[in-house]
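Trainee: sequence and computational prediction follow.
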2 protein chains.
Amino acid sequence: MTLDLDALHALVIPGPSKIVLCSLDGLGGLPRPETGKSELETARIPNLHALAARSACGLLRHVAPGITPGSGPGHLGLFGYDPLRYPVGRGVLEALGIDFDLRDGDVAARGNFCTVDTKGRITDRRAGRIPTEVCVRLCDRLREIRVEGAELLIEPVKEHRFVLVLRGSGLSGRVTETDPQATGVPPLPVAATAPEAARTAALVNRFVEAARPLLADAAPANMILLRGFDQRPEMPRFPEVFGLRAAAIAAYPMYRGLARLVGMEVLKTGGSFAEEVATLHEHWSSYDFFFLHYKDTDKAGEDGDFDAKVAALERWDALLPEILARSPDVLVVSGDHATPSILAGHGWQPVPALVASAYCGGDPVTRFTERDCAGGTLGLIPAHALMPVVMANALRFTKYGA
Amino acid sequence: MTLDLDALHALVIPGPSKIVLCSLDGLGGLPRPETGKSELETARIPNLHALAARSACGLLRHVAPGITPGSGPGHLGLFGYDPLRYPVGRGVLEALGIDFDLRDGDVAARGNFCTVDTKGRITDRRAGRIPTEVCVRLCDRLREIRVEGAELLIEPVKEHRFVLVLRGSGLSGRVTETDPQATGVPPLPVAATAPEAARTAALVNRFVEAARPLLADAAPANMILLRGFDQRPEMPRFPEVFGLRAAAIAAYPMYRGLARLVGMEVLKTGGSFAEEVATLHEHWSSYDFFFLHYKDTDKAGEDGDFDAKVAALERWDALLPEILARSPDVLVVSGDHATPSILAGHGWQPVPALVASAYCGGDPVTRFTERDCAGGTLGLIPAHALMPVVMANALRFTKYGA
């Protein structure tokens, strides 16, 4: 029960308002069994609670009930895109995650170095998680490979992981994976799952066969596995859909990549949140919309470190006044998914959200926690329903129907 | 905003967790005008309230706002199937309701004995609700009928109702009904609504014509009406979709039938809920998922007996500790639809639901009532969105998107 992006676009009217969307990555948490209190309930975050008290509060669900969102679907939801309607492939996300400048038509795949025995059967799908330096060196070797009909771009990621990008005309991501997701069997040849992908499948198979002899002496990383072939999805551009000059401020490449995917401008920034806030101030007059990403909350949650996540929330809270100092017309605080410390990973739980504006309305919530936001006037809404609420609060939407 | 069953299946990962889904049939109620309190608000159910206090709570809507679900759609929703996508015909439900072993390809119809006058016009569509013994005897007569091309199976249900099943190859349920839903007119001949059903229509008409002389002396049950022709719907099997060894424990045949329809194993059990709980204990180690059905709440509601429904809730609550003693990783309590006593029938009102697990999250709800659950973190969700939440809490789903 949401309007599609075309219908939303039809409602856009111009305005002078400024919007800041803060994504605290992995914001939502779960109570620590010893205290019964979640990270948000434990942290000393007076600025956030005070902001919640004058905001419309609620909970966001990024994909569907019970579904744990990855960072891709999580952020697309925040940007107003239904993640079920705009899926992003694994290879594309991997490329975005290393700031790779993926172009329209490129086919990206996630690569793993792996170990095979003398008969070519996989014995370790991750090549013993070789150090990143080894990965870098072996990627250099793979770059020697040439196949007719496409340019091959190979970039190391971390440990055994790398990205393969095929660039050229007439390529397609509709091919199967070489990773059999099992040991004791050889890698699979790639096959086209659509007629237009036959040539791409042949190119990939030629690349894989050329890699085999090049890596023969590189055990444990003596072979490769490829999966998640995909092209940049075609999606409407955020600045055009919402009529906003939109900028992204994110220290981590994955989030810059996701912002670039929807057409936001990515601003150069430093590695800390304080530097991100400084970047916001620096560019304040040039944009209508800022996406401001904070990674520490997710990182601590992924590590299963409850206290570190609490500390990350408190650090963010301490910088909130510097954002408030700009008096954005609409300030949004939420996240792309939950990362409960007790799960040490992403979670499916709905994520607290607040929208502060002069028009956000009376709301009973006075504390920014999972439990409190459940009773807010935003309700429990799909994440991609947030942007329309933001646009409305920015007085940038006209009414629907006369 | 839900994923289809294929997409959910793709997220399944194995795990050791145990899930118990308790369906309190017709759970939801309405306030009694004298007190302003619903059955759940009136009952002394301390165990349920305590469980709610440590659960994620919410409300389930089984079909759509304002739509009163039958038992079929109600339970299919609980099992994770969108009931609008997987309709089950009336005849099929009637057959399931008497534990009939309906096979793929069988066509089932609901039969009524009725009264016709000398000109063959219906004077009573229910034959004065003849006693069940008479129905049994007359079904024996109908069993004498043979038609070429299909086996005929006839089973009495209750009073004037029986089930007709046609078994054979090439049958189709796409035929019209003989019941004109009116008196003063004769039964209608059956017609095919799709070309492939022409032969089935002819077979049914031959059966009806053969029934007429056999019943001529049996007034008031001197004719039959047939409706709701249908075949078992093709639906994905629950154990495969969710990767769960799934067992159903239900004293009533209809619910065993619905569980069998989705491929659950149906365990032999006694007629009381205490016996059902004993069956749960007996088979605890052999399954990952148990569907535990409780009928008394619905029965009392259907009778319009508010106090009896309160008592049924209290009896269930008293046995809850025996389920909790097994420490299931995920415990779900909800129902297939509301049966408010003041309606003396099924209702369209959303039904309270709770999901208890180590990861269900902070939730403000501390009492298991319609009113309280409206403020819970599960939100107001389609019933078929519950299974994904259950799977997530059981740590049996991986994340969606990287």
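Mentor: Great, that's in hand.

Trainee: got the contact list for residue A:132?
Mentor: Contacts for residue A:132 (C-beta atoms under 8 Å, 6 or more residues apart in numbering or on different chains) come out as A:156, A:158, A:159. C-beta: built from backbone N, CA, C; applies to glycine.

Trainee: if you set the cut-off to 6 Å instead, what comes out?
Mentor: By C-beta atoms under 6 Å, 6 or more residues apart in numbering or on different chains, residue A:132 lies in contact with A:158, A:159.

Trainee: could I get the pLDDT score of it?
Mentor: Per-residue pLDDT puts residue A:132 at 95.

Trainee: likewise the one 10 residues further on?
Mentor: At residue A:142 the predicted local distance difference test score is 97.

Trainee: ok, it touching residue A:153?
Mentor: No - between residue A:142 and residue A:153 there is no contact under C-beta atoms under 6 Å: 10.2 Å.

Trainee: now the residue in the stretch 101-250 of chain A that chain B sits nearest to, what are its backbone angles?
Mentor: Relative to chain B, the nearest point of the stretch 101-250 of chain A is residue A:228 (7.8 Å; C-beta to the nearest C-beta). Dihedral angles of residue A:228 (phi, psi; degrees, to the nearest 10) stand at phi 70, psi 40.

Trainee: which residues touch it?
Mentor: Residue A:228 makes contacts with A:89, A:90, A:91, A:109, A:110, as judged by C-beta under 6 Å, 6+ apart.

Trainee: likewise residue A:13?
Mentor: By C-beta under 6 Å, 6+ apart, the neighbours of residue A:13 are residue A:398.

Trainee: out of the contacts of residue A:228, who has the most neighbours?
Mentor: residue A:109 (30 neighbours; other C-beta atoms under 10 Å in any protein chain shown).

Trainee: which neighbours does the helix or strand containing that residue have in its sheet, and in what orientation?
Mentor: Using DSSP states H and E, residue A:109 sits within strand A:107-116. Sheet neighbours of strand A:107-116, with direction, are listed as strand A:122-124 (antiparallel), strand A:161-167 (antiparallel), strand A:223-231 (antiparallel) (DSSP bridges).

Trainee: what's next to that strand, contact-wise?
Mentor: By C-beta under 6 Å, 6+ apart, strand A:107-116 touches A:90-92, A:94-95, A:122-125, A:127, A:160, A:162, A:164-166, A:171, A:173, A:220-229, A:231.

Trainee: chain center to that strand, what's the gap?
Mentor: 21 Å (C-alpha atoms, centre = their mean, to the nearest Å).

Trainee: avg pLDDT for that strand?
Mentor: What strand A:107-116 shows for mean pLDDT is 96.

Trainee: then stretch A:369-379?
Mentor: For stretch A:369-379, the mean pLDDT works out to 95.

Trainee: give me the distance between the two termini of that stretch.
Mentor: For stretch A:369-379, the first-to-last residue distance is 14 Å (C-alpha to C-alpha, to the nearest Å).

Trainee: give me the contacts around it.
Mentor: Stretch A:369-379 has contacts (C-beta under 6 Å, 6+ apart) with A:28, A:38, A:40-41, A:56-59, A:352, A:363-365, B:362, B:364, B:375, B:377.

Trainee: among these, name the ones in helices.
Mentor: By the criterion of DSSP state H, membership of the contacts of stretch A:369-379 in helices covers A:40, A:41.

Trainee: what subset of the contacts of stretch A:369-379 is buried?
Mentor: A:28, A:38, A:40-41, A:56-59, A:352, A:363, A:365, B:362, B:364, B:377 (16 or more other C-beta atoms under 10 Å in any protein chain shown).

Trainee: tell me which of those has the lowest pLDDT.
Mentor: Of all the buried ones among the contacts of stretch A:369-379, residue B:362 carries the smallest pLDDT score, 87.

Trainee: where's the spatially closest residue to that one that is not a sequence neighbour, which helix or strand?
Mentor: Counting by C-beta to C-beta, 6 or more residues apart in numbering or on different chains, residue A:371 is the residue found nearest to residue B:362 once chain neighbours are left out, at 4.3 Å. Per DSSP H and E, residue A:371 falls inside helix A:370-373.

Trainee: name the residues of chain A found near chain B, please.
Mentor: Applying C-beta under 6 Å from any C-beta of the partner chain, we find that chain A lies next to chain B at A:30-31, A:38, A:63-70, A:72-73, A:90, A:93, A:346, A:348-349, A:370-371, A:374-375, A:380, A:382.

Trainee: cross those against helices and list the overlap.
Mentor: Checked against DSSP H, those include these in helices: A:72, A:73, A:90, A:93, A:370, A:371.

Trainee: report the two of these separated the most.
Mentor: Distance extremes for those: the farthest pair is A:90 and A:371 at 34.5 Å, using C-beta to C-beta.

Trainee: tell me the contacts of whichever residue of the stretch 1-150 of chain A sits closest to chain B?
Mentor: Relative to chain B, the nearest point of the stretch 1-150 of chain A is residue A:66 (2.9 Å; C-beta to the nearest C-beta). By C-beta under 6 Å, 6+ apart, the contact set of residue A:66 is A:348, B:388, B:389, B:392.

Trainee: can you pick the most crowded of these?
Mentor: For the contacts of residue A:66, the largest number of neighbours (other C-beta under 10 Å) sits with residue A:348, at 28 neighbours.

Trainee: touching, that residue and residue B:394? I think so.
Mentor: No - if you go by C-beta under 6 Å, residue A:348 and residue B:394 don't touch, sitting 11.2 Å apart.
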